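Undergrad: sequence isn't available, so here's the structure alone:
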């Protein structure tokens with residue numbers, strides 16, 4: 001099987017590349033010229049330079065591929081106007097879909113995000129794939145851009161492009177070079193997180209998500225969404241598990257959502273208006289956190305039959321990778 005991974009240098013992509021190689025695939029990775037390729041160096045893959053804004057490079061990358069895995073969906077790194085974020089998200093997605101159609105790709109597997117899953121009618125029940133996107137934060141560029149991209153992929157599936165959507169919950173594990181979700185691990189390990197935002201969360205090992213994406217290419221139904229997760233917990237329980245693994249006290253003090261939300265907006269104003277530099281935490285971040293909830297992943301578990309290793313193992317392997325790569329000291 002010939003597979004293209006878009007976003008192969010990121011955490012999910014780097015683990016997906018390794019899983020594909022283990023499954024005997026020929027793997028091509030599309031990455032930007034400025035990408036840090038350390039997470040895939042030394043692997044038996046073909047690397048091609050391109051960009052989701054460059055249709056020609058996308059067509060070249062898709063040429064001859066049977067499956068395309070898209071793990072590099074657009075997201076804003078700072079607060080911008082929603083229409084700008086949605087416009088960029090839609091532009092990149094359309095370029096990819098045109099390349100997939102022109103190249104005759106047999107299957108497109110798109111990695112979406114859990115914020116595109118709405119809330120169940122009964123708040124005591126976990127959300128599932130039938131919960132359509134809904135938010136009270138319609139000016140949040142991240143939430144709206146992600147919803148726009150997933151909707152376009154699903155529309156394309158109904159129009160003949162063989163697409164499947166995989167929606168991972170929060171994932172931990174190795175090769176988190178930015179870091180992304182691993183920021184929580186690093187902050188707790190460095191004792192930089194005395195407070196936390198309470199709420200629900202679902203967590204999975206990133207390597208299990210990678211396998212689920214391969215299974216989605218093999219057996220996922222076209223036009224379907226698959227929620228891929230494992231452990232339903234609270235933020236307090238997750239923080240305590242991380243703290244236990246790294247051997248430090250867990251964050252003790254919960255912060256009310258409204259206080260955290262307005263606190264980040266004030267911080268963003270101070271940094272951008274008074275200091276003239278990007279804020280430490282974008283103002284829209286806390287609103288994204290409010291979308292995290294418990295999920296019913298039984299559909300994906302049944303149809304994709306992906307593995308579900310322990311979350312403690314995922315955190316431990318993430319910590320080991322962070323330590324080996326200089327994000328944390330050798331002991332914490």
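TA: Structure received. Owing to the predicted nature of the structure, the values given are computational and were not obtained by experimental measurement.

Undergrad: what does the longest helix that the chain contains contact?
TA: Selection of the longest helix in the chain by residue count, based on DSSP state H, yields helix 82-103. Under the criterion C-beta atoms under 8 Å, 6 or more residues apart in numbering, residues 6, 52-55, 58-59, 61-65, 68, 70, 73-74, 76, 108, 138-142, 144-146, 148-149, 152-153, 156, 161 lie in contact with helix 82-103. Glycine gets a C-beta too; all of them are placed from N, C-alpha and C.

Undergrad: now, those that are in helices?
TA: Using DSSP H, the members of those that fall in helices are 55, 58-59, 61-62, 141-142, 144-146, 148-149, 152-153, 156.

Undergrad: okay, which residue is most central for this protein?
TA: Among the residues of the chain, the one closest to the centroid is residue 113, at 5.6 Å (C-alpha atoms, centre = their mean).

Undergrad: drop anything exposed from the contacts of helix 82-103.
TA: By the neighbour-count criterion of 16 or more other C-beta atoms under 10 Å, the contacts of helix 82-103 include these buried positions: 6, 52, 55, 58-59, 61-62, 65, 68, 70, 73-74, 76, 108, 140-142, 144-146, 148-149, 152-153, 156, 161.

Undergrad: pretty sure residue 294 contacts residue 232?
TA: Yes - in this structure residue 294 lies within contact range of residue 232 using C-beta atoms under 8 Å: 4.2 Å.

Undergrad: more crowded one of the two?
TA: Between residue 294 and residue 232, counting by other C-beta atoms under 10 Å, residue 294 is the more crowded of the two (21 against 17).

Undergrad: could you check how far the more buried one is from residue 204?
TA: When distance is defined by C-beta to C-beta, to the nearest Å, residue 294 is 13 Å away from residue 204.

Undergrad: same check on residue 165?
TA: Counting by C-beta to C-beta - residue 165 and residue 204 are separated by 16 Å.

Undergrad: so which elements touch the lowest-mean-pLDDT helix or strand in the chain?
TA: Within the chain, confidence by mean pLDDT, DSSP states H and E is lowest for helix 257-269 among all helices and strands, at a mean of 89. Applying 3 or more C-beta pairs under 8 Å, 6 or more residues apart in numbering; DSSP states H and E, one finds that helix 257-269 contacts helix 285-289.

Undergrad: mean confidence for the helix it packs on?
TA: In this model, helix 285-289 carries a mean pLDDT of 92.

Undergrad: same deal with stretch 21-33?
TA: Over the span of stretch 21-33, the pLDDT mean works out to 97.

Undergrad: what does that stretch rub up against?
TA: By C-beta under 8 Å, 6+ apart, the residues outside stretch 21-33 that reach it are 1-9, 13, 17, 20, 37, 40, 43-51, 57-58, 61, 65, 214.
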